[in-house]
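J.: Quick one: sequence plus predicted model below, questions after.
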Amino acid sequence: CCLLLTLALLVPWDAASRKCDLQGLWRNELGSNMTILATNTAGAFSDSYHTVVAATNKQILVSPLQGAQQHPGAKRHPTFGFTVQWQFSDSTTAFVSQCFVDHRGKESLETTWLLREEVLSHKDTWKATRVGTAIFTRIK
C-alpha cells in the first residue's frame, strides 16, 4: 500500500520536472506540422514546416524554418524563435515561442507569430502584416 502511494506521488513530480526538448515532430491545432530534428550546442536549428492553411490558391509546399533556442539545455521551459520562408508565397513568418511540460509530462509549444507578405507599394504596408497564436503538441 505504502509503495503504491509513494509511486503515485513520484510519477507526477518526475513528469513535471522534465525539461522540454524541441527535437521532434509537432502539430498545431489547425493541423500544420513542424519538424525539428536537431539543435546544435548553441541552440540553433534548421528544419521544415508544413502548413495546412494559407491565403493563396497555389499548392502548399513544405517550407524551410530556421531558429534558435535560448540557453539550450539549461532551462526547463526554454524560449526560442524561428522564421519560416514560405516556398509557395511571397511572405515570411516569424515565431516567438516557449516550451512547457505539464504535470503529466505532455509538452506543448506556445507560439505567437507575425506573417509579413509582400505588397506592391508603401501605401499598402498597413495590410501586409498578420499576427496570431498557435499551440503545438508533440506527435513524435
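T.: Structure's in. What do you need? Numbering: from 1, shown residues only.

J.: Could you find the closest non-adjacent residue to residue 139?
T.: residue 25 (4.4 Å; CB to CB, 6 or more residues apart in numbering). Glycine gets a C-beta too; all of them are placed from N, C-alpha and C.

J.: Backbone dihedrals for the one you found, both of them.
T.: phi -110, psi 130 (degrees, to the nearest 10).

J.: can you check residue 123 too?
T.: According to degrees, to the nearest 10, residue 123 has phi -70, psi -20.

J.: and it, how many residues sit next to it?
T.: 8 (other CB atoms under 10 Å).

J.: again, but for the one 3 residues further on
T.: Around residue 126 there are 8 other residues, counting by other CB under 10 Å.

J.: And the strands in this protein, which stretches?
T.: 24-28, 33-36, 44-50, 63-69, 79-85, 91-101, 107-117, 129-138 (DSSP state E).

J.: Highest mean neighbour count out of those?
T.: strand 33-36 (a mean of 20; mean count of other CB atoms under 10 Å).

J.: Give the pairing partners of that strand; include direction for each.
T.: Note on strand 33-36: by DSSP bridges, its sheet partners are strand 24-28 (antiparallel), strand 44-50 (antiparallel).

J.: Of all these, which one comes closest to residue 123?
T.: strand 44-50 (30.9 Å; CB to CB).

J.: ok, back up a step: I'd like the strands of the chain as JSON lines, with mean pLDDT and distance to residue 57 appended.
T.: Listed next are the strands of the chain as JSON lines, based on pLDDT from 0 to 100; distance: least, CB to CB, whole Å:
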{"stretch": "strand 24-28", "mean pLDDT": "96", "distance to residue 57": "22"}
{"stretch": "strand 33-36", "mean pLDDT": "96", "distance to residue 57": "21"}
{"stretch": "strand 44-50", "mean pLDDT": "95", "distance to residue 57": "18"}
{"stretch": "strand 63-69", "mean pLDDT": "95", "distance to residue 57": "17"}
{"stretch": "strand 79-85", "mean pLDDT": "96", "distance to residue 57": "19"}
{"stretch": "strand 91-101", "mean pLDDT": "96", "distance to residue 57": "14"}
{"stretch": "strand 107-117", "mean pLDDT": "97", "distance to residue 57": "14"}
{"stretch": "strand 129-138", "mean pLDDT": "96", "distance to residue 57": "18"}
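
J.: Appreciated, that's everything.
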